[in-house]
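Peer 1: Give me a model of this one.
(chains A and B)
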Amino acid sequence: MEQLLNSGIKQIIDEHAEVGPILEAYGIGCVPCSVGTCLLKDIVDIHGLSATQEQALMTKIAKAVYPDRDIVIPLRAKTSTENGTDLTYSPPMKKLVDEHTWIKRLLAQVPNLIRTLDLTAEPGRQLVRDVLDFIRNYADRFHHAKEEDILFKYFDEKLDILQVMLTDHESGRSHVRAIAGAVEKQDAATVSEHLAAYRELLTEHIKKENEILYPWMDKEMSDSQIGQMFAAFSDVDVTFGDGPGKHIAFVETLEALNS
Amino acid sequence: MECGCPGSKMMDRRDEDSGDAPAAAVNSQLRQWPIQLHLISPEAPYYTGADVLLTADCVAYAMGGYHSDYLKGKSIAIACPKLDAGQDIYAAKIRSWLEDAKINTLTVLIMEVPCCGGLLHLAKQALAASSRKVPLKAVVVGLDGEIRSEDWVTD
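Peer 2: Below you'll find the model as predicted:
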């Protein structure tokens, strides 16, 4: 069992396909993950399952991997805060979650943006440039910079889960570059393709952060680190001034246009 | 029929097993004096940039592991929101921690009895009035010394 716990999740799913649906039943979406090098023990730990849920999950995985063995998984003692409670965040993590809300509201406008896309006229091209401005300056420089330059620095950046997040950030930037180039060429097909891909990527990325990464990080960080991170985020907010407010206003304008 | 304030209600737990005594002497984690909120100066050096515990008087008696689990590495003040007079001074001192001492975090430890909530309310009010914000955590301790809840305050 120890060997199984220390195996990469992709390897386990490749060798025992039935493990994928078992994980999905517990809200652990490793199957479509592009990296998949996380160890099983880390995945079980990071998803904040209750002690009984964790025992049931590990029993099912053990049965799938070792069908001929009768492995008894003991109930692992957990504190009340580790026991599968509702999602709550520390104040700095709550800031990031609140910023996600604005990114998700922008993403919600993407299908309509694609449906009405008209790159033959300057107003249509400018609208896409404005969306890219939000993504580059609010989602990336303002929000992702807090994650990459401050939050992630409290952890070992070689951790698989952080590598997945950083890979997502890079993939997002790649989509943005593709959209920016295609807008000026009035290539509507490429713009639509990469806008849709960006929406899908960020939707899944935000879900992973809100539901798994941030709660796990909150659990791992000391009160003192939470205070330091809050102060550092506040400094970023001051540095950016009213810039984020302008981007939030843009999302509200876009919503009003499409309502 | 028994009624009245839950904070004053008699409870006799002498028959309950209090568990094993610690294997070794427990060291005090207190690193300052004074500690009573009326007596402390919020600008004392041990508050500057510190993680501060504002603890209701009864908490340290109820909790077995107060020193090692909460006090270690932190600065402290104690108060009773039910019996202490001059709580406007308390509010001003908490605000001074935030604005002058520039504390890093504020953790309020209270008992589960309703009157103890006043101390958390005081901290929330001071934070709302302060030009500088810090993370505020609320820890509620049961009469049996167990932690009932431990949450960051984000509203």
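
Peer 1: Please identify the residues of chain B in proximity to chain A?
Peer 2: Contacts of chain B with chain A, taken as C-beta under 8 Å from any C-beta of the partner chain, map to B:51, B:73, B:103-105, B:107, B:133-137, B:147, B:150-154. Backbone N, C-alpha and C define where each C-beta goes, glycine included.

Peer 1: you'd agree B:Gly86 is up against B:Leu37?
Peer 2: No: B:Gly86 is beyond contact range of B:Leu37, at 9.4 Å (criterion: C-beta atoms under 8 Å).

Peer 1: what about these two, which has more around it?
Peer 2: A direct count of neighbours by other C-beta atoms under 10 Å in any protein chain shown for B:Gly86 and B:Leu37 places B:Leu37 higher, at 24 against 10.

Peer 1: quick one: pLDDT of the more buried one?
Peer 2: Looking at B:Leu37, its pLDDT is 98.

Peer 1: wouldn't it be in contact with B:Ala77 here?
Peer 2: Yes: contact status for B:Leu37 versus B:Ala77: in contact at 4.5 Å, counting by C-beta under 8 Å.

Peer 1: Quick one: distance of the helix or strand containing A:Gln163 to the chain centre.
Peer 2: Taking DSSP states H and E as the definition, A:Gln163 sits inside helix A:160-184. Here the centre of mass of C-alpha atoms in helix A:160-184, compared against the chain's by C-alpha atoms, centre = their mean, to the nearest Å, lies 13 Å away.

Peer 1: Can you name every helix or strand that the helix or strand following it contacts?
Peer 2: Once the chain leaves helix A:160-184, the next helix or strand it forms, by DSSP H and E, is helix A:188-208. Packing contacts for helix A:188-208, counted by 3 or more C-beta pairs under 8 Å, 6 or more residues apart in numbering or on different chains; DSSP states H and E, involve helix A:91-108, helix A:110-115, helix A:122-134, helix A:160-184.

Peer 1: now for the helix or strand harbouring A:Lys41, which elements pack on it?
Peer 2: Per DSSP H and E, A:Lys41 falls inside helix A:40-46. Judged by 3+ C-beta pairs under 8 Å, 6+ apart, helix A:40-46 is in contact with helix A:2-5, helix A:9-15, helix A:51-65, helix A:160-184.

Peer 1: go with 10 Å
Peer 2: helix A:2-5, helix A:9-15, helix A:19-25, helix A:51-65, helix A:160-184, helix A:214-220 (3 or more C-beta pairs under 10 Å, 6 or more residues apart in numbering or on different chains; DSSP states H and E).

Peer 1: Residues in contact with it: which ones?
Peer 2: Here helix A:40-46 makes contact (C-beta atoms under 10 Å, 6 or more residues apart in numbering or on different chains) with A:1-2, A:4-9, A:11-13, A:19, A:23, A:26, A:28, A:30, A:33, A:38-39, A:53-54, A:57-58, A:61, A:65, A:76, A:82, A:159-161, A:212-213, A:215-217, A:219-220.

Peer 1: Grab the CA positions of it and hand them over as CSV.
Peer 2: Extracted C-alpha coordinates of helix A:40-46, given in CSV (Å, rounded to 0.1, in the frame of the first residue of the first chain):
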residue,chain,number,x,y,z
LEU,A,40,-1.6,9.5,-4.7
LYS,A,41,-0.9,10.3,-1.0
ASP,A,42,-0.6,14.0,-1.8
ILE,A,43,-3.9,14.0,-3.8
VAL,A,44,-5.7,12.3,-1.0
ASP,A,45,-4.3,14.7,1.6
ILE,A,46,-4.9,17.9,-0.4
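
Peer 1: buried residues in that helix?
Peer 2: A:Leu40, A:Asp42, A:Ile43, A:Val44, A:Asp45, A:Ile46 (16 or more other C-beta atoms under 10 Å in any protein chain shown).

Peer 1: Could I get the phi/psi values of B:Ser75?
Peer 2: phi -100, psi 160 (degrees, to the nearest 10).

Peer 1: what's near enough to touch the nearest residue to it once chain neighbours are set aside?
Peer 2: Computed as C-beta to C-beta, 6 or more residues apart in numbering or on different chains, the closest residue to B:Ser75 that is not its neighbour in sequence is B:Ala50, at 4.2 Å. Applying C-beta under 10 Å, 6+ apart to B:Ala50 gives the contacts A:224, A:227, B:31-32, B:44, B:73-76, B:97, B:101-106.
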